[in-house]
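K.L.:
one predicted model, sequence on top.
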Amino acid sequence: MSVIWLGILASLGAGLMTGVGAIPVLFGKTMSQRTNDTLLGFAAGVMISASYFSLIVPGLEAADDLYGVVWISAAIAAGGIALGAILVAVLNETLPHEHFIVGPEGADPGALSKIWLFIIAITIHNFPEGMAVGIGFGGGNVANGMSLATGIGLQNAPEGLAVAVALRGQGYSKIRSFTLALLTGLVEPVGGALGVALIHVSQHILPWGLTFAAGAMLYIISHEIIPETHRKGYQNYATTGLLVG
C-alpha cells in the first residue's frame, strides 16, 4: 500500500476514535470527570512524546541529511515549530468558535448558530492533528506515522465522549450527539491527505513539514488539552496521566 493511502487511512482511524469514545452516550453512560481528565492527561503525554520522537527528531535528521550543518537544522526545526504554533494561534484568534466550557472565542460569530461555532472549534483542533499524521507517513517512516496516529487516537477517544456528553447537555438526542461527535473526527483524514501530499511535493519540505506539525500539536496540547484537564479540580490526576503517557 502506498504511503499516501497509509497516511490517509491512519488519520481516518485516529479520527474515528472520536466516535468510538462517544459510544457510551448511546447507552446513557458517562465517564467521571476524574477519569476523563486522567485519560486526557495520559493522551496529552503520549502526544507530547510523539511530537518530539516522531516529528521533531526526524525533522532534525531530515534537515541534517539535506544540509549537513547543525545550526541550519536547528534553525529549520525552530522555525517550523514556531510557524505551526502561530498558524493554530491565528486560526484560534480569527475564526469565530465556541467551547462548551470556556465559551466563545475568536471573531464575532454574527448569525452563526452555537452548534456551528462548536464544529469550527473542533475543526481548529482536529485538522492539524490529522495533518501531523499525514506528514509523519509522508516522510516515509511508517513507525513514526503509526506512533502519531496512536497518540492522537488515544486523545480522541475521551474527547469524543466529552463532546457527546456536552451535546446531550445542550438538549441533543443520544443518536444526534453520537453522530456529531463522530463527524468532528472526520476532518482528520482531510488534514492527513494534505499533510502527506505536501511532503511528496519535495523532500526539502520534509523537515519544515515535520516540525511545523509538531508546533501545531504542541500548541494544541498546551493551549487546549492540558488546561481542559485542570478546570475541574483533578489536575493532580491529569498530571500523573500526562507523565505516564
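P.N.:
The structure has been received and is ready for your questions.
K.L.:
report the secondary structure state of Gly233.
P.N.:
The local conformation at Gly233, judged by DSSP: H, G, I helix; E, B strand; the rest coil, is coil.
K.L.:
can you mark which positions in stretch 228-245 are buried?
P.N.:
Glu228, Thr229, Tyr234, Gln235, Tyr237, Ala238, Thr239, Gly241, Leu242, Gly245 (16 or more other C-beta atoms under 10 Å). (Glycine included, C-beta is placed from N, CA and C.)
K.L.:
in strands, which of those fall?
P.N.:
Among the buried residues of stretch 228-245, DSSP state E puts none in strands.
K.L.:
quick one: which of the residues you listed sit in helices?
P.N.:
Glu228, Thr229, Gln235, Tyr237, Ala238, Thr239, Gly241, Leu242 (DSSP state H).
K.L.:
nearest residue to the second one other than its sequence neighbours?
P.N.:
Going back to what we said before, that points to Thr229. Spatially, and ignoring its direct neighbours in sequence, Thr229 is nearest to Ala238 (3.5 Å; C-beta to C-beta, 6 or more residues apart in numbering).
K.L.:
please apply the same query to the fourth one.
P.N.:
Setting aside the residues directly before and after it, Tyr237 is nearest to Thr38 in space (C-beta to C-beta, 6+ apart), at 4.4 Å.
K.L.:
Gly41 is in contact with the residue nearest to Thr229, correct?
P.N.:
Yes - between Ala238 and Gly41 there is a contact under C-beta atoms under 8 Å: 3.6 Å.
K.L.:
what's the overlap in contacts for the two?
P.N.:
Ile226, Thr229 (C-beta atoms under 8 Å, 6 or more residues apart in numbering).
K.L.:
picking that back up, for the buried residues of stretch 228-245, which one is nearest Gly139?
P.N.:
Of all the buried residues of stretch 228-245, Gly245 has the smallest distance to Gly139: 23.0 Å, by C-beta to C-beta.
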